[in-house]
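Student: Sequence first, then the predicted structure, then my questions.
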Amino acid sequence: MSADPAAMSDAELAAHLAEVAGRILLDVRSSGMFTGKALGAAGDATANQFLCHAIRTARPDDGLLSEEEKDDTARCSMSRVWIVDPVDGTREYGEERSDWAVHVGLSVDGTASVGAVALPGLDGGIVLRSDQPATLPEAAAKPRLVVSRTRPAKEAVALADAIGGELLPMGSAGAKAMAIVRGEAEIYLHSGGQYEWDSCAPIAVAAAHGLHCSRIDGSPMAYNQADTYLPDLLICRPEYAQAALELVASLD
């Protein structure tokens with residue numbers, strides 16, 4: 001990898017920034033200066049400042065959308081827009097859990113085209129990238145569905161019942177999506193409301209690994225929209241996509 005961020009490929013830049021932001025967040029957490037919600041706020045602010053400054057320096061002609069900054073809607077007229085979530089799973093980060101993530105994604109003409117998701121809380125920390133897809137691990141005999149720790153989607157509960165699956169509560173959206181990539185689960189079906197920064201980078205990574213990625217009605221995920229609300233998604237191994245989509249349609 002080039003030492004000059006401006007000379008990196010988009011995928012290299014995304015992975016580098018996600019990894020560095022993750023290390024910054026671990027340093028903030030280990031400083032002992034903050035706990036709980038204050039720790040989450042400090043982590044969000046610190047990682048956001050780094051990511052936004054770095055992206056604007058390395059890609060000055062691109063747009064930028066971050067959960068932690070006021071939206072500049074001028075991005076809507078741009079083809080290339082970076083979409084970042086400095087701490088996906090602020091609650092889990094503040095609780096010093098491992099199921100939180102850093103998202104650095106790039107939307108090109110509305111499609112999540114490039115992405116990196118860092119999971120710094122895991123032992124040693126890992127970064128999953130859209131440009132380095134790996135073979136999916138073998139699926140479990142009993143399908144596992146990752147769901148919210150507090151509000152499992154009714155559709156996911158119904159799907160688990162229909163296919164004999166089990167629910168696996170987990171924190172951030174990025175952690176859930178990467179659980180499918182890493183072979184820790186087979187299905188992530190969410191309907192409780194999200195925003196573009198919650199899914200852009202994870203969708204780019206998941207799609208690159210050959211997973212099914214869509215809205216729960218089967219329509220494509222669309223990014224860099226004026227309204228950044230993206231209420232639902234389905235990320236799953238391809239063999240479960242039809243059953244999941246049909247189940248959701250039957251609940252309407």
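Tutor: Nice, thanks for sending it over.

Student: Rounded mean pLDDT for the helix or strand harbouring residue 41, please.
Tutor: Assigned by DSSP states H and E, residue 41 belongs to helix 36-58. What helix 36-58 shows for mean pLDDT is 97.

Student: next one: that helix to chain centre, how far?
Tutor: Computed by C-alpha atoms, centre = their mean, to the nearest Å, the chain-centroid distance of helix 36-58 equals 16 Å.

Student: Next: stretch 118-136.
Tutor: On C-alpha atoms, centre = their mean, the centre of stretch 118-136 falls 12 Å from that of its chain.

Student: and residue 245, how many neighbours?
Tutor: Counted by other C-beta atoms under 10 Å, the residues lying close to residue 245 total 20. Yep, even glycine has a C-beta here, placed from its N, CA and C like the rest.

Student: Correct me if wrong: it contacts residue 215.
Tutor: No: if you go by C-beta atoms under 8 Å, residue 245 and residue 215 don't touch, sitting 9.6 Å apart.

Student: what sits in contact with each of those two?
Tutor: Common neighbours of residue 245 and residue 215 (criterion: C-beta atoms under 8 Å, 6 or more residues apart in numbering): residue 234.

Student: could I get the helix holding residue 41 in CSV with only the CA atoms?
Tutor: Taking Å, rounded to 0.1, in the frame of the first residue of the first chain, the C-alpha atoms of helix 36-58 are listed here in CSV:
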residue,chain,number,x,y,z
GLY,A,36,-20.8,4.8,29.2
LYS,A,37,-22.5,7.4,27.1
ALA,A,38,-19.7,9.9,27.6
LEU,A,39,-17.3,7.3,26.1
GLY,A,40,-19.6,6.8,23.2
ALA,A,41,-19.8,10.5,22.5
ALA,A,42,-16.0,11.0,22.8
GLY,A,43,-15.4,8.1,20.5
ASP,A,44,-17.9,9.3,17.9
ALA,A,45,-16.5,12.8,17.9
THR,A,46,-12.8,11.8,17.7
ALA,A,47,-13.2,9.1,15.0
ASN,A,48,-15.5,11.4,13.0
GLN,A,49,-13.0,14.2,13.0
PHE,A,50,-10.2,11.9,11.8
LEU,A,51,-12.3,10.2,9.1
CYS,A,52,-13.8,13.4,7.6
HIS,A,53,-10.6,15.3,7.6
ALA,A,54,-8.7,12.3,6.0
ILE,A,55,-11.3,11.8,3.3
ARG,A,56,-11.5,15.4,2.4
THR,A,57,-7.7,15.5,2.1
ALA,A,58,-7.4,12.3,0.1
